[in-house]
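>>> fold the following, please.
(one chain, ligands or ions: 1)
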Amino acid sequence: MAVFPLVILIFVLVMFAGVIIVGGWLVLSVFRFFTRVLFGPNHNRVIPRHEFEARRSSIQCTRPQCRTVNAAHARFCRRCGESLAARDEYPRSVA
Ligand SMILES: [Zn+2]
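You can find the predicted model right below:
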């Protein structure tokens, strides 16, 4: 006989959990929206740390058609074979 109220209780609990999850998501999105309004659209466009580290420890190929990102210690481009170190160390001595 006590099964029916138990089912209702579980149903209410599940609904309550759903409301909390959806409500939390809603509050979070509203909060995000307001921070974007207050601090400008570029506030959330911070470069991720791993990307920042990758950029700092990398060197881009100087050839305009290539632009491949290579490791900072690389001496030649891994795609086109362009010399990376020589151009960095002596950029104007060729001419
Ligand atoms: Zn290259």
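>>> CA only for contacts and neighbour counts going forward, please
Will do.
>>> any weak-confidence spans in this protein?
1-2, 41-45, 53-56, 85-95 (pLDDT under 70).
>>> what's the longest helix in this protein?
Ranked by number of residues, the top helix in the chain under DSSP state H is helix 3-39.
>>> chain center to that one, what's the gap?
Averaged C-alpha coordinates place helix 3-39 at 26 Å from its chain's average position (C-alpha atoms, centre = their mean, to the nearest Å).
>>> how about the residues of the chain near the ion?
61, 66, 77, 80 (C-alpha under 5 Å from the ion).
>>> which of those residues count as buried?
In the residues of the chain next to the ion, burial by neighbour count holds for 61, 77, counting by 16 or more other C-alpha atoms under 10 Å.
>>> let's have the residues of the chain next to the ion in JSON lines, adding secondary structure and distance to residue 16.
Converted to JSON lines, the residues of the chain next to the ion look like this (DSSP: H, G, I helix; E, B strand; the rest coil; distance: C-alpha to C-alpha, whole Å):
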{"residue": "61", "secondary structure": "coil", "distance to residue 16": "56"}
{"residue": "66", "secondary structure": "coil", "distance to residue 16": "55"}
{"residue": "77", "secondary structure": "coil", "distance to residue 16": "57"}
{"residue": "80", "secondary structure": "coil", "distance to residue 16": "59"}
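>>> distance of the spatially most central residue of the chain from residue 28?
Closest to where the C-alpha atoms of the chain average out (C-alpha atoms, centre = their mean) is residue 48, at 4.8 Å. Shown here: residue 48 relative to residue 28, a distance of 20 Å by C-alpha to C-alpha, to the nearest Å.
>>> I'm done for today, thanks for sticking with me.
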